[in-house]
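Chemist: Coordinates for the following, if possible.
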Amino acid sequence: MSLRTAEDDSSSPEIHLPAEIDWHMLDKSKFFFLGAALFSGVSAALYPMVVLKTRQQVSSAKYSCLNMSCAIMRYEGFRGFYKGFGTSLMGTIPARALYMAALEVTKSNVGTGLIELGFSDTTAAAMSNAAAGVTSAMAAQLVWTPIDVVSQRLMVQGCSSSNGGSNNSMLRNLNSENYRNGIDAFRKILCADGARGFYRGFGISILTYAPSNAVWWTSYSMVHRVIWSAFGCYMCDNSSNNFRPDSRAMLGVQGLSAVVASGVSAIVTMPLDTIKTRLQVLDADDNGRRRPLTFGQTIRNLVKEGGLLACYRGLAPRWASMSMSATTMITTYEFLKRLSTKSQEKFT
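Modeler: Reported below is the predicted structural model:
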């Protein structure tokens, strides 16, 4: 059974999918320009989920998404869901550019090399996607970690009032600076902590996003193939020889594969993401002086608050955000690649 090309045996059913578009086939200027515009729109649509996830992670009390949303709307209004968005958007464009470049270059080169070494298409696809996920995450974090630190500080401003003025210890550990905007936050973090302040949690960010991306892209590749193989089995049962999926079928399979991959990735890496967020946002009180929490202190706080379950606060909005982001990302990404294909190498 083939997912790509026709077989001489007419009794063997086939699924004719569009050909893969490799890095060398793309018009790079169009690819990055259109990508910046498309993914900026995606970021704007999903940003409120990121705010909810971040606030749930830094709070020692357990709040549902609904309660948190109502509190933000009541005390801060709709703008509360977009605190730090301007800063985040500024980082999204260069971070996405690095991410996409590293992803495509690694996937293309590693996949080709593995096939030349004799690995099967399925194994080569899984391994190249895992490698691409790691390298793309590491490249993007060079830009994204400083942006993450600034935008998350802005996200949690007003968190105490949004929780009804709660005086729990975790909210008191929020950085006490009042930031007017991203530039003001950048200046104050630089004055207080130096350049190192922008890379708080960088190590744990790599440990979070590198495996998360590897798991996501590997899961996506495997689920994608399993679904199309199931189509092939269905065709065998119905004595159909050829099947050429339309755009809706392609979109549906891509979306389902992305949701499943996001669920696997979110569950596997959620504890690391919670630790990362707290390291970037919370401070410790050292005899009246504020200083960044250490990894060990963060772990101890989480253990006191409920152990592993405390690490999974914010899982629902993270999974929802990852699923919607991934579904939109992968469909937009495939569409973007076809829009950016060099004219002499167009694929249908």
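Chemist: V215 contacts V264, doesn't it?
Modeler: Yes: applying C-beta atoms under 8 Å, one finds V215 in contact with V264, separated by 6.0 Å. From N, CA and C alone the C-beta is placed, and that goes for glycine too.
Chemist: separation between L26 and C70?
Modeler: 45 Å (C-beta to C-beta, to the nearest Å).
Chemist: The two: which has the busier surroundings?
Modeler: Per other C-beta atoms under 10 Å, whichever of L26 and C70 has more neighbours is L26, with 21 against 13.
Chemist: Please name the nearest non-neighbouring residue to that one.
Modeler: S340 (4.9 Å; C-beta to C-beta, 6 or more residues apart in numbering).
Chemist: Next up, the contacts around the one you found.
Modeler: L26, D27, K28, K30, F31, L34 (C-beta atoms under 8 Å, 6 or more residues apart in numbering).
Chemist: tell me the contacts of the fifth one?
Modeler: Yep, that's F31 we're talking about. Taking C-beta under 8 Å, 6+ apart, we find F31 in contact with M100, L336, K337, S340.
Chemist: what do you get for the last one?
Modeler: Taking C-beta under 8 Å, 6+ apart as the criterion, L34 is in contact with L336, L339, S340.
Chemist: can you pull the pLDDT of the last one?
Modeler: Note on S340: pLDDT of 71.
Chemist: Would you report the backbone torsion angles of it?
Modeler: phi -100, psi 0 (degrees, to the nearest 10).
Chemist: How about D27?
Modeler: The phi and psi torsions at D27 (degrees, to the nearest 10) take the values phi -80, psi 100.
Chemist: Count the residues that sit near it.
Modeler: 15.
Chemist: and if you look at I183?
Modeler: Neighbour number of I183 under other C-beta under 10 Å is 12.
Chemist: Now for the nearest residue in space to N178 that is not next to it in sequence, how many residues are close by?
Modeler: Closest residue to N178 apart from its sequence neighbours, by C-beta to C-beta, 6+ apart: Q157 at 7.2 Å. By the criterion of other C-beta under 10 Å, Q157 has 19 neighbours.
Chemist: does Q157 really touch Y179, like I thought?
Modeler: Yes: using C-beta under 8 Å, Q157 is in contact with Y179, at 6.4 Å.
Chemist: returning to what we had before: mind giving me a markdown table with the contacts of S340 and columns for secondary structure?
Modeler: Converted to a markdown table, those look like this (DSSP: H, G, I helix; E, B strand; the rest coil):
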| residue | secondary structure |
| --- | --- |
| L26 | strand |
| D27 | coil |
| K28 | helix |
| K30 | helix |
| F31 | helix |
| L34 | helix |
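Chemist: from those residues, which single one is nearest R153?
Modeler: L34 (31.2 Å; C-beta to C-beta).
Chemist: which ones are touching the spatially most central residue of the chain?
Modeler: Centroid check for the chain by C-alpha atoms, centre = their mean gives M322 as the closest residue, at 5.9 Å. Applying C-beta under 8 Å, 6+ apart, we find M322 in contact with S262, S265, A266.
Chemist: Among these, which ones are in helices?
Modeler: S262, S265, A266 (DSSP state H).
Chemist: Which residue lies closest in space to the second one, excluding its sequence neighbours?
Modeler: Nearest in space to S265, with sequence neighbours left out and distances taken as C-beta to C-beta, 6+ apart, is W216 at 4.2 Å.
Chemist: pLDDT below threshold where in the stretch 201-348 of the chain?
Modeler: The model of the stretch 201-348 of the chain has pLDDT under 70 over residues 231-247, 285-289, 342-348.
Chemist: ok, back up a step: out of the contacts of F31, which is most surrounded?
Modeler: If you count neighbours using other C-beta under 10 Å, the busiest of those is M100, which has 24 neighbours.
Chemist: So for L38, what pLDDT did the model give?
Modeler: 74.
Chemist: Give me the neighbour count for it.
Modeler: By other C-beta under 10 Å, the residues close to L38 number 18.
Chemist: which residues touch it?
Modeler: T332, L336.
Chemist: before we move on, what about P48?
Modeler: For P48, the contact set (C-beta under 8 Å, 6+ apart) comprises F81, Y82.
Chemist: Going forward, count from 33.
Modeler: Yep, numbering from 33; the last one is P80 now.
Chemist: before we move on, the earlier item: mind checking the SS state of the residue nearest to N210?
Modeler: Applying three-state DSSP: Q189 is coil.
Chemist: Got the confidence number for it?
Modeler: The predicted local confidence for Q189 is 76.
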